[in-house]
Structure formats: C-alpha cells, structure tokens
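K.L.:
Fold the following for me, if possible:
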Amino acid sequence: MGSWKKLLQLLEDPAVVGELPETLLPALRAVAAQPEKYSRQEELVDKLVGQLVSFDLYAGVGCFCESASAADIQRTLQELDPSL
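P.N.:
From the prediction side, this is the model:
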C-alpha cells in the first residue's frame, strides 16, 4: 500500500500542508486514514498523491501549466468518494 504511505507522508509535511487550502485537509486525511475503504481505487489515490506533489496555489493562471490546483484535488476526492 505504497500510495497510502506516501499520502500520509505528504500530509505530515508542513511544507505541503501549509500550501493547501484548509478545506481540503479533512477529506485528504479521511482517505489516508481508510486504505481499506479505498483499496479498489488505488489509481485515484496515486493520482491524488501526484496532484499533492505538483500542487501550486496559482495553478491554471499561466499557459501550459503542469501543476495541480485545489480544484483538481477536489475533483479527484469527489471521484474517490462523492461524500467527501
């Protein structure tokens, strides 16, 4: 379960958490705390990890941006679980 371990590490990193909107943190922590619930959706968890690594508060402002935005992360969370 490497995806969840990486997700937990990212959520413990003050540099990552400090940049994220606080509204995303409860849902991200819920996913990280319940690997058994999301075990069949590991691809989406991998996607979420990638988005957290490439998160940029100003993503989408410039052209050809490779960064992930808060909206991208929120969409992935909704794909994982619409109740998040």
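
K.L.:
With adjacent residues omitted, what lies nearest to Val16?
P.N.:
Leu10 (5.0 Å; CB to CB, 6 or more residues apart in numbering). To be clear about C-beta, it is placed using only N, CA and C from the backbone, and glycine gets the same treatment.

K.L.:
Which positions in the host helix or strand of that neighbour come out as buried?
P.N.:
According to DSSP states H and E, Leu10 maps onto helix 2-12. For helix 2-12, the buried set under the neighbour-count rule, 16 or more other CB atoms under 10 Å, comprises 3-4, 6-8, 10-11.

K.L.:
Can you tell me which of those residues is nearest Glu43?
P.N.:
Set against Glu43, the nearest of the buried residues of helix 2-12 by CB to CB is Ser3 (8.8 Å).

K.L.:
Find the nearest non-adjacent residue to that closest one, please.
P.N.:
Ser3 sits nearest to Val45 (CB to CB, 6+ apart), 4.2 Å away.

K.L.:
mean confidence for the strand or helix carrying that neighbour?
P.N.:
Element membership for Val45, per DSSP H and E: helix 42-53. Confidence over helix 42-53 (mean pLDDT, whole number) is 95.

K.L.:
Just the CA trace of it, in CSV.
P.N.:
Presented in CSV, the C-alpha positions along helix 42-53 are these (Å, rounded to 0.1, in the frame of the first residue of the first chain):
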residue,chain,number,x,y,z
GLU,A,42,-5.6,2.9,-5.7
GLU,A,43,-5.2,4.5,-9.1
LEU,A,44,-7.2,7.5,-7.9
VAL,A,45,-5.1,7.6,-4.7
ASP,A,46,-2.0,7.6,-6.9
LYS,A,47,-3.4,10.4,-8.9
LEU,A,48,-4.2,12.3,-5.7
VAL,A,49,-0.6,11.8,-4.5
GLY,A,50,0.7,13.2,-7.8
GLN,A,51,-1.6,16.2,-7.5
LEU,A,52,-0.3,16.9,-4.0
VAL,A,53,3.3,16.7,-5.1
